[in-house]
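# Here's my sequence, what's the structure:
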Amino acid sequence: MSSIPFTFIIIGITVLVSLAAFSNKSLEYRYILNPYIVHRRKEWWRLLTSGFLHGDFAHLFFNMLSLFLFGLATEARFHEIFGEKAVFFYLLLYLSGIIIANLPDTFSKKNHSGYNALGASGGVSSIVFAFIMFEPTAKMGAYILPPFIPAWIFGLLYLWYSKYMAEKQYDNIGHTAHFWGALWGVIFMILTFPPIIRIFITKIAGSFQ
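Modelled structure (predicted):
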């Protein structure tokens, strides 16, 4: 087990790459997710590299704050259940979360040459929802509100809101990536650690006693 949580390493790399791209638009253009380019040039790496880029400081800050708040706890749980393979599974969850969250728009927007997407939201959502599977009764809330509802209820509301906003397209936020990244966090935990289902149900049931 590394003396430095891998969450900090991911945050450090993401911050450095994002800051570099802020002042180097050619770097951003080379690695941003543009479905039109991905399909025509076969540059599939963009599904992953776009997760290390951000639109502005606020976008970067809130994604990395979320990763910090939930990543450390999730990483600790991974060490408990996966032992020496914890870092491998943690990285696999985060990186695959970025890729899977980008897949829907990569195919649905493949003929839209002006469409671009970037940000770590898919990977971060995967980490957050892995945490929810471990701690469904933990209190959670939005940034502007104190924690006040159980994590599992927050998760359901988050999925509903992300799906609703993705369908309505009221803003330029990647709600589709949020939804699929979050869902992947749940699926990943069930596939790699099936007892999580029992843990999840038992903790929720215990909260009603």
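# And the strands in this structure, which stretches?
Counting by DSSP state E, residue ranges of the strands within the chain are 139-140, 149-150.
# List just the one of these that sits closest to residue 180.
strand 139-140 (20.0 Å; CB to CB). Glycine gets a C-beta too; all of them are placed from N, C-alpha and C.
# Check which helices and strands that closest one sits against.
strand 149-150, helix 151-168 (3 or more CB pairs under 8 Å, 6 or more residues apart in numbering; DSSP states H and E).
# could those go into TSV alongside mean neighbour count, distance to residue 193 and mean pLDDT?
Conversion of these to TSV gives the following (neighbours: other CB atoms under 10 Å; distance: least, CB to CB, whole Å; pLDDT from 0 to 100):
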stretch	mean neighbour count	distance to residue 193	mean pLDDT
strand 149-150	17	21	88
helix 151-168	16	17	85
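# Out of the ones you listed, which is closest to residue 65?
Checking those against residue 65 by CB to CB gives helix 151-168 as the closest, at 16.0 Å.
# And the contacts of that closest one?
Helix 151-168 is touched from outside by 129, 131-132, 135-141, 149, 171, 173, 175-176, 178-179, 182-183, 200, 204, with contacts defined as CB atoms under 8 Å, 6 or more residues apart in numbering.
# how about 6 Å then?
By CB atoms under 6 Å, 6 or more residues apart in numbering, the surrounding residues in contact with helix 151-168 are 132, 135-136, 138, 140, 175-176, 178-179, 182, 204.
# Make a ChimeraX selection of whichever of the residues you listed turn out to be buried.
Written as a ChimeraX command, the selection of buried residues from these, which uses 16 or more other CB atoms under 10 Å, is:
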select :132,135,136,138,140,175,176,178,179,182
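# Any idea how many residues pack against the closest residue to residue 133 other than its chain neighbours?
In space, not counting the residues next to it along the chain, residue 133 is nearest to residue 189; the distance is 4.6 Å by CB to CB, 6 or more residues apart in numbering. Residues contacting residue 189 under the criterion other CB atoms under 10 Å number 28.
# Looking at the contacts of helix 151-168, spot the one nearest residue 120.
Sorting those by how near they are to residue 120, with CB to CB, puts residue 178 at the top with 11.1 Å.
# so who does the closest one touch?
Residues 121, 125, 162 are the ones in contact with residue 178 under the rule CB under 6 Å, 6+ apart.
# picking that back up, now render the strands of the chain as CSV, adding distance to residue 4.
Rendered in CSV, the data for the strands of the chain read as follows (distance: least, CB to CB, whole Å):
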stretch, distance to residue 4
strand 139-140, 26
strand 149-150, 32
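# Pretty sure residue 32 sits against residue 115.
No. Counting by CB atoms under 6 Å, no contact exists between residue 32 and residue 115, whose distance comes to 10.2 Å.
# Compare those two (neighbour count), which wins?
Neighbours of residue 32 and residue 115, each counted by other CB under 10 Å, are more numerous for residue 32; the result is 19 against 15.
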